[in-house]
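S.K.: Predicted model follows, preceded by the sequence.
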Amino acid sequence: MDPTRTGPIALAEARIRWLDARQRVLSQNVANADTPGYRASDLQPFAQALAGAQGVMARTDPRHLAPRHDGRVQRERHPLERSIDGNGVALDREAMRIADTETAHALAVGLHRRYLGLFRTAIGRNQ
């Protein structure tokens, strides 16, 4: 059994992947801030994504039907602000989300490094 594939290390890696995906979605929002009719998107919260990953069916044969979408990206239903052209991106709100995501990413990477450091120490490879 690989100890890095269970427990805190695997959870930190899942969180990092989710944060990377969220950063891509948020950057799309900022890139489309001037696109008429564009609605901002965000990922579902990490806890929901993690709970949903437990029940995701795998496509084991190329003849199986592929899912239409993974359900992670969600459009905002009721944007707080809309411009005259129907754009629902508020740059200040997106900047806050990006900053929160970056802070959470730094925390997850730090935790991942600490746990790997503990494993290195336990096996005598403290470098």
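M.R.: Great, that's in hand. Numbering: from 1, shown residues only.

S.K.: Low-confidence stretches in this structure?
M.R.: 1-6, 53-59, 64-73, 75-81, 127 (pLDDT under 70).

S.K.: contacting residues around the spatially most central residue of it?
M.R.: Nearest residue to the geometric centre of the chain (CA atoms, centre = their mean): Trp18, 2.4 Å. Residues counted as contacts of Trp18 (CB atoms under 8 Å, 6 or more residues apart in numbering) are Leu43, Phe46, Ala49, Leu50. Where you see a C-beta, it was placed from the backbone N, CA and C, and this is true even at glycine.

S.K.: Just the buried ones from those residues?
M.R.: Buried residues within those, counting neighbours by 16 or more other CB atoms under 10 Å: Leu43, Phe46, Ala49.

S.K.: quick one, phi psi at Leu43?
M.R.: Per-residue torsions, Leu43: phi -80, psi 160 (degrees, to the nearest 10).

S.K.: The nearest residue to it once chain neighbours are set aside in helix, strand or coil?
M.R.: Spatial nearest neighbour of Leu43, excluding adjacent residues (CB to CB, 6 or more residues apart in numbering): Arg22 at 4.7 Å. Using DSSP: H, G, I helix; E, B strand; the rest coil, the three-state assignment for Arg22 comes out as helix.

S.K.: wait, doesn't Arg22 sit right on Ile98?
M.R.: No - in this structure, Arg22 is not within contact of Ile98 by CB atoms under 8 Å, at 9.0 Å.

S.K.: Which one's more surrounded, those two?
M.R.: Arg22 (25 against 16; other CB atoms under 10 Å).

S.K.: check contacts around that one.
M.R.: Contacts of Arg22 by CB under 8 Å, 6+ apart are Asp42, Leu43, Arg97, Thr101.

S.K.: Near Ile9, how many residues? Count them for me, please.
M.R.: Neighbour count for Ile9, taken as other CB under 10 Å: 19.

S.K.: Now do it against Arg93, distance only.
M.R.: 33 Å (CB to CB, to the nearest Å).

S.K.: Same check on His105?
M.R.: Taken as CB to CB, the span from His105 to Arg93 is 19 Å.
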